[in-house]
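K.L.:
give me a model of this one.
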Amino acid sequence: MENLTAHIQVIVSEPSKASHSKEIDVDNEKGYVKAYKRLVERLSSFALEFNPNFEFPHMLVSTVIESAHNQRFFPAHFPFLTNVVKGEKNIVLFYKNLVLKTIQ
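P.N.:
The predicted structure follows:
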């Protein structure tokens, strides 16, 4: 159980580290990434409700999740890679705009 909890914490805080580990296939078989897969599936279903002909719902959702984590990290360490302004919802607005225009 401790191992599962540790994996979940890594997936939430640093998903690319969790999914790019050497043990990812074993972890996947053990079900450690099941919650993440369910999240992607659920969000993908919303995209398909909006546009049933959209070809890449899983790619869109997983890309948004991964890159949103980066955008939260960048202001403190690589501010030149983002347009985040403290106190504004630029990340939310950016991804909302990106997703809606992409699935139209």
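K.L.:
the residue nearest the centre of the chain: helix or strand, and which one exactly?
P.N.:
For the chain, the residue lying nearest the average C-alpha position, counting by CA atoms, centre = their mean, turns out to be residue 65 (1.5 Å). Per DSSP states H and E: residue 65 is located in helix 57-77.
K.L.:
immediately after that helix, which helix or strand?
P.N.:
Toward the C-terminus, helix 57-77 is succeeded by helix 90-103 as the next helix or strand (DSSP H and E).
K.L.:
quick one, that next one and helix 57-77 angle?
P.N.:
Between helix 90-103 and helix 57-77, the angle formed by their directions is 160 degrees, by axes from the mean of the first three to the mean of the last three CA atoms, to 10 degrees.
K.L.:
which other residues reach helix 90-103?
P.N.:
Counting by CB atoms under 8 Å, 6 or more residues apart in numbering, the neighbours of helix 90-103 from elsewhere in the structure are 47, 50-51, 54, 57, 60, 64, 68, 71-72, 82-84. For every residue, glycine as well, the C-beta is placed using N, CA and C.
K.L.:
quick one: the residues you listed as CSV, columns for pLDDT and neighbour count too.
P.N.:
As requested, the contacts of helix 90-103 are exported to CSV (pLDDT from 0 to 100; neighbours: other CB atoms under 10 Å):
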residue, pLDDT, neighbour count
47, 94, 19
50, 94, 13
51, 96, 13
54, 97, 15
57, 97, 21
60, 96, 19
64, 92, 18
68, 89, 15
71, 91, 16
72, 87, 12
82, 94, 18
83, 94, 13
84, 91, 17
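K.L.:
so the residue nearest to the centre of the chain touches residue 42, yeah?
P.N.:
No - because the distance of 11.8 Å does not satisfy CB atoms under 8 Å, residue 65 is recorded as not touching residue 42.
K.L.:
give the residues shared as contacts by these two.
P.N.:
Common contacts of residue 65 and residue 42 (CB under 8 Å, 6+ apart): none found.
K.L.:
picking that back up, and the residue nearest to the centre of the chain, how far from residue 88?
P.N.:
Spatial separation of residue 65 from residue 88 under the definition CB to CB, to the nearest Å is 21 Å.
K.L.:
repeat that for residue 37.
P.N.:
Distance from residue 37 to residue 88, by CB to CB: 32 Å.
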